[in-house]
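Undergrad: Have a look; sequence and predicted model below, questions after that.
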Number of protein chains: 2
Amino acid sequence: MHPRRPFVKTRRLDSFILCSVTPNKTPGTPRRNDRSRRAILDAARELVAEKGYAKLTIEAIAARAGVGKQTIYRWWPSKGAVLLDSVLALSQNGEGEGAEQAITLPDTGDVEADLKALMRATAAEFSDPSFEAPIRALNSEIANDPDLAAVYAEQVAAPVEEAKRERLRSARRAGQIAADTDLDLFLDMLYSPLYQRWLLRSGELTPQYTDRLVEAVLRAFPPAK
Amino acid sequence: MHPRRPFVKTRRLDSFILCSVTPNKTPGTPRRNDRSRRAILDAARELVAEKGYAKLTIEAIAARAGVGKQTIYRWWPSKGAVLLDSVLALSQNGEGEGAEQAITLPDTGDVEADLKALMRATAAEFSDPSFEAPIRALNSEIANDPDLAAVYAEQVAAPVEEAKRERLRSARRAGQIAADTDLDLFLDMLYSPLYQRWLLRSGELTPQYTDRLVEAVLRAFPPAK
DNA sequence: CAAGCGAGACGAGACGGTTCGTTTCGTCTT
DNA sequence: AAGACGAAACGAACCGTCTCGTCTCGCTTG
């Protein structure tokens, strides 16, 4: 029914995000109301923070956004998709207006210091209440919806993962970690414990914890002397 | 309303599970129909495996179990609680009839071999379709419900965690890992990557992966020579 | 250039259907 | 006699679809 489906469930998704960021002047393109779009995403984030994910409702989002329900159903296939987009929009706005910029991580030349700072910052981000609720909700949705998981992996996780990997390559070149280090395994060992501790609330996310974690992971991939 | 609430939402929970395992002969106790209880837990597990968690319904559980809805609402506060109980009952039945037996892990004297075998077995368990759906669903629920998370941590995670810790203490005594090893950090680094890889479907759970993971974690806590 | 036209997104809300959690009833066990 | 049980009806909440009438565009036509 829709000339161009903005949020596709399949792997192939040609720049829905770009579509919303770049002005929409090409002829024949569906005229999407950007004010409504933002209002929906904002409302979704607010409501999930207030009421919790279980009580998040399309009708409530529409009501708070001052929007007809059909406007939501027209552009998103599921509640999870709205949520993913709202988190996506949040992180993109936080980083600037421009589209698709490659992410780069700080590189002072000292991996240990850089990683410790990065992990502390990540832990702090996890503790931010305005991030907490939406991301927690999004994770629930992702765990049970492979399609959504694929979009998330492609749009959110992949760029960040690549930035981390790039930082580790730099460290590997500098001889600070083993030359044959498996970067994916390294990153799994570094981030998963932090992530799981947060997701399952199995412990506090203190700087002490993240520092000790970084030290331990670095010990697992020592450079040859 | 209920003389004794079988599934409490607060931290304090005096042996609901024991209550269901040990025969219920004490006078003044509510007469709970054990046939119904089992039918409900079985139905919940079957349905979540068939239809997925999103389509799991109290009404459907009641219908399949041949039970009135009220019988479910009488004994469990939420859908998540039913699910937790059904997973709990499954793992307990699998291990034997007796109540509350301490779990022990294999100890051949070789930590690396034991951990590799354990991780392979864990990975295989994660891949079992009859485990997959309920546990995935349970995790979603736990991530958004701190009360349920507390019960889960106490009833399911804690005993297993302690068994793992005990196995590591043995290894520490044997001088196979560092004397000052932080066991909790060790276990986080060992299990979280596997767990997250499964939960987020970010990669295959191959024996190669778990083996390399075990090796890397052991490298992070080397014994003094 | 300006007036008119048609496509399509929009806000609003009615619709039937499903599930919720509660309540009532009669039965059966203890 | 008390209380848990199966069954089923109930109002409320949301679901996802649909139909309105309105509005904003881009294109055509005079």
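TA: All right, it came through fine. Residues are numbered from 1 along each chain as shown, chains lettered A, B, ... in the order given.

Undergrad: which residues of chain A score low on pLDDT?
TA: A:1-30, A:92-101 (pLDDT under 70).

Undergrad: Which residues of it lie near chain B?
TA: Applying C-beta under 8 Å from any C-beta of the partner chain, we find that chain A lies next to chain B at A:52-54, A:136-137, A:139-144, A:146, A:149, A:153, A:157, A:182, A:184-185, A:188-189, A:192-193, A:195-197, A:199-203, A:209, A:212-213, A:216-217, A:219-222. The C-beta positions use only the backbone N, C-alpha and C, and glycine is treated the same way.

Undergrad: Among these, name the ones in strands.
TA: Among the residues of chain A next to chain B, DSSP state E puts none in strands.

Undergrad: Filter these down to the buried ones and hand me the ChimeraX line.
TA: Selection of buried members from these for ChimeraX, criterion 16 or more other C-beta atoms under 10 Å in any protein chain shown:
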select /A:53,136,137,139,140,141,142,143,144,149,184,185,188,189,192,193,195,196,197,199,200,201,202,209,213,216,217,220,221
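
Undergrad: from chain A, which residue is nearest to DNA strand C?
TA: When scored by C-beta to the nearest atom of the strand, chain A has A:Gly68 as its residue closest to DNA strand C, at 2.9 Å.

Undergrad: Hmm, A:Ala62 and that residue touching each other?
TA: Yes: assessed by C-beta atoms under 8 Å, A:Gly68 is found in contact with A:Ala62 at 6.4 Å.

Undergrad: out of these two, which sits in the more crowded spot?
TA: A:Ala62 (20 against 11; other C-beta atoms under 10 Å in any protein chain shown).

Undergrad: Pull the contacting residues for that one.
TA: Shown in contact with A:Ala62 (C-beta atoms under 8 Å, 6 or more residues apart in numbering or on different chains): A:Ile40, A:Gly68, A:Lys69, A:Thr71, A:Ile72.

Undergrad: Columns secondary structure and distance to B:Ala102 on top of these, output as JSON lines?
TA: Formatted as JSON lines, these follow (DSSP: H, G, I helix; E, B strand; the rest coil; distance: C-beta to C-beta, whole Å):
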{"residue": "A:Ile40", "secondary structure": "helix", "distance to B:Ala102": "52"}
{"residue": "A:Gly68", "secondary structure": "coil", "distance to B:Ala102": "59"}
{"residue": "A:Lys69", "secondary structure": "helix", "distance to B:Ala102": "54"}
{"residue": "A:Thr71", "secondary structure": "helix", "distance to B:Ala102": "57"}
{"residue": "A:Ile72", "secondary structure": "helix", "distance to B:Ala102": "52"}
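
Undergrad: quick one: the helix or strand where A:Ile61 lies near DNA strand D?
TA: According to DSSP states H and E, A:Ile61 maps onto helix A:58-65. Yes: using C-beta under 7 Å from any atom of the strand, we find that helix A:58-65 touches DNA strand D at A:Ile58, A:Glu59, A:Ala60.

Undergrad: Centre-most residue in chain A?
TA: Closest residue to the average C-alpha location of chain A: A:Val156 at 4.3 Å, with C-alpha atoms, centre = their mean.

Undergrad: isn't it right next to A:Ser91, touching?
TA: Yes: judged on C-beta under 8 Å, A:Val156 makes contact with A:Ser91 at a distance of 7.5 Å.

Undergrad: next one: phi and psi at A:Asp145?
TA: phi -130, psi 100 (degrees, to the nearest 10).

Undergrad: whoops, I mixed them up, A:Ser78
TA: According to degrees, to the nearest 10, A:Ser78 has phi -160, psi 170.

Undergrad: Could I get the full set of helices for chain A?
TA: A:16-21, A:34-51, A:58-65, A:69-75, A:79-95, A:111-127, A:129-144, A:146-152, A:158-173, A:183-199, A:207-220 (DSSP state H).

Undergrad: OK, contacts around the spatially closest residue to A:Arg201 that is not a sequence neighbour?
TA: Nearest residue to A:Arg201 in three dimensions, chain neighbours excluded: B:Ala149, at 5.6 Å (C-beta to C-beta, 6 or more residues apart in numbering or on different chains). In this structure, B:Ala149 makes contact with A:Leu200, A:Arg201, B:Ile142, B:Ala143, judged by C-beta under 8 Å, 6+ apart.

Undergrad: can you do 7 Å?
TA: A:Leu200, A:Arg201, B:Ile142 (C-beta atoms under 7 Å, 6 or more residues apart in numbering or on different chains).

Undergrad: Quick one: name the residues of chain A near DNA strand C.
TA: A:2-3, A:30-33, A:36-37, A:39, A:66-71, A:74-75.

Undergrad: And stretch A:157-169, how far out from the chain middle?
TA: 13 Å (C-alpha atoms, centre = their mean, to the nearest Å).

Undergrad: ok, back up a step: the residue nearest to the centre of chain A against A:Leu90, yeah?
TA: No: the pair A:Val156 and A:Leu90 does not pass the contact test of C-beta atoms under 7 Å, sitting 10.9 Å apart.

Undergrad: re earlier: of the contacts of B:Ala149, closest to DNA strand D?
TA: B:Ile142 (21.8 Å).

Undergrad: Would you quantify the distance from the nearest residue to the closest one once chain neighbours are set aside to B:Asn139?
TA: Residue nearest to B:Ile142 in three dimensions, not counting chain neighbours: B:Ala149, with 4.6 Å by C-beta to C-beta, 6+ apart. Distance from B:Ala149 to B:Asn139, counting by C-beta to C-beta, to the nearest Å: 10 Å.
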